[in-house]
Structures are given as structure tokens and as C-alpha cells.
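**Q** Return atomic coordinates for the entry below.
(chains A and B)
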Amino acid sequence: KNQVEQSPQSLIILEGKNCTLQCNYTVSPFSNLRWYKQDTGRGPVSLTIMTFSENTKSNGRYTATLDADTKQSSLHITASQLSDSASYICVVSANSGYALNFGKGTSLLVTP
Amino acid sequence: GAVVSQHPSRVICKSGTSVKIECRSLDFQATTMFWYRQFPKQSLMLMATSNEGSKATYEQGVEKDKFLINHASLTLSTLTVTSAHPEDSSFYICSAPPQRESSGYTFGSGTRLTVV
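**A** Presented below is the predicted three-dimensional model:
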């Protein structure tokens, strides 16, 4: 069964600090992995997309890594801002069409 | 970039009534649209896939007579929750597939449905 597990479930950090969110998956055959940011009461917004051959990809203060061998990905947020408070969702696609496998997300709260 | 406009953002309705949620692709044509439901602190759960010009494909356990999906044009897909019950209260989100290999799925802003 294709699964996507995220950790931690929730996280509280001080403004300006860094943090790393984890995503482990069992989706096979693997196509790509996406990280999304979802603000409360809003739809998800894409942060990064990584394919099998990519190890790291950055988008501003967000840096995603992928280890396709161990089926693990991380999202590193540097110099956190209050606006980073949101749920971060890891989504893994298999090669079969449009099927997406969603993690439950990590709820991040950045405090002053 | 691609934008999907979803309306309404919030709706409160009485039990037994029907509610229609619209998703429009603003600057591109979407032959396919995905409809999700999300409960608090849970993953997005795919309900159905709408296809322009043909019947929607429903996921197992989703009642197609209750959740009516219509993909009337290349830019509009609608989800109608019929005979709404309080347990239908949830966050509903639509999504269009990537327009390019390197882009992500484009999600609507979501609709918070509360059935009282």
C-alpha cells in the first residue's frame, strides 16, 4: 500500500530559527515528490517538486532534499518568519497517471 | 502561473438542502479536475475526478448520487453536495493537474462547508 508518513505532526519554533520537516514514503514506482504549504482555510500551494534524479532543490528559504534509495525527503526552512506558520504537506506521485499520495502534514507554528 | 478560482470560500446550509461549489481555471484549460475533501488535521482525500465531456470517476466509498460532479466546459467544474447532512461538513478543495512537467498541481482556495 502506498503511504506517506510525515514527522513531526506539529512543531513550534521561534521566529528566525531554522527547522526541518521529514517525509518518508513507500510509494512505488516513484515518479515525483512535492512539498506544499497550506495556510489554514486555504488550498495548498506548491513549494518544490523533485523527481527521482534530484537530490536537493531550493525555493527561497525552503530547501527540499530527496533520497530515493531510502525513500525519504526533508523540507528545511531557514530564518523562519511568522508567515511560515502553516501546514506543510508532502505529496508523492506514482508513475500511474495522476494518482497522488498525501501525507497528513506537519503543522508549523512560528512564534515571535 | 496557473490559477484555479474556487467559490464560495465558505457556505453554511441547512440539512437537506444542496450546495454547489465551483472551480474555474482562469488562464488555462483543464480537461481534468480533482475534487478532495479534508477533515481537520487530516490528509486531503480524493473524492472524484471530473473529466470534461464525460462522466466523473468516483473513488470507492464516495456516493456519486450525493456528490454530483459536472465538468461543463474546459474551464469549469462543479461539485454539488445534495441533501446535505451535518457529517458532510468539511473542507472541499479542487485541483487541476500540472500544466508542465516541472510544475505542481494547482489547487483552489477551498470551500468550508458547514451543514446545520
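**Q** The chain: strands as residue ranges?
**A** In the absence of a named chain, this looks at chain A. A:4-7, A:10-14, A:19-25, A:30-38, A:45-51, A:56-59, A:62-67, A:72-77, A:86-94, A:100-102, A:106-111 (DSSP state E).
**Q** oops, chain B please
**A** B:4-7, B:10-13, B:19-25, B:32-38, B:44-51, B:54-58, B:67-73, B:76-81, B:90-96, B:106-107, B:111-115.
**Q** Out of those strands, which is closest to A:T78?
**A** Nearest to A:T78, of all these, is strand B:106-107, at 25.0 Å by C-beta to C-beta. C-beta coordinates here come from the backbone N, C-alpha and C atoms, glycine included.
**Q** low-scoring pLDDT stretches of chain B, where are they?
**A** B:1, B:101-102 (pLDDT under 70).
**Q** Please work out which residue of it is closest to chain A.
**A** Residue nearest to chain A within chain B (C-beta to the nearest C-beta): B:G104, separated by 2.9 Å.
**Q** what does chain B put close to chain A?
**A** With C-beta under 8 Å from any C-beta of the partner chain as the criterion, chain B comes near chain A at residues B:4, B:6, B:9, B:32, B:34, B:41-46, B:49, B:91, B:93, B:95, B:97, B:102-110, B:112.
**Q** Just the buried ones from the residues you listed?
**A** Neighbour counting with 16 or more other C-beta atoms under 10 Å in any protein chain shown marks B:4, B:6, B:32, B:34, B:43-44, B:46, B:49, B:91, B:93, B:95, B:97, B:104-110 as buried within these.
**Q** Surely A:T65 is in contact with A:S58?
**A** No. Between A:T65 and A:S58 there is no contact under C-beta atoms under 8 Å: 9.9 Å.
**Q** Residue of chain A closest to chain B, please.
**A** Closest point on chain A to chain B, by C-beta to the nearest C-beta, is A:S46, at 2.9 Å.
**Q** ok, that residue to B:R100 distance?
**A** Note on A:S46: its distance to B:R100, by C-beta to C-beta, to the nearest Å, is 12 Å.
**Q** who's more crowded, the two?
**A** A:S46 (18 against 8; other C-beta atoms under 10 Å in any protein chain shown).
**Q** That one and B:A96 touch, don't they?
**A** No. A:S46 is beyond contact range of B:A96, at 11.9 Å (criterion: C-beta under 8 Å).
**Q** intersection of neighbour lists for the two?
**A** When contacts are counted by C-beta atoms under 8 Å, 6 or more residues apart in numbering or on different chains, A:S46 and B:A96 have B:105-106 as shared neighbours.
**Q** Chain B contacts on chain A?
**A** Proximity of chain A to chain B, by C-beta under 8 Å from any C-beta, involves residues A:34, A:36, A:41-46, A:49, A:89, A:91, A:98, A:100, A:102-105, A:107.
**Q** switch to 7 Å and redo it
**A** Residues of chain A lying close to chain B by C-beta under 7 Å from any C-beta of the partner chain are A:34, A:41-44, A:46, A:49, A:98, A:102-104.
**Q** Lowest-confidence entry in these?
**A** Of all the residues of chain A next to chain B, A:Y98 has the smallest pLDDT value, namely 69.
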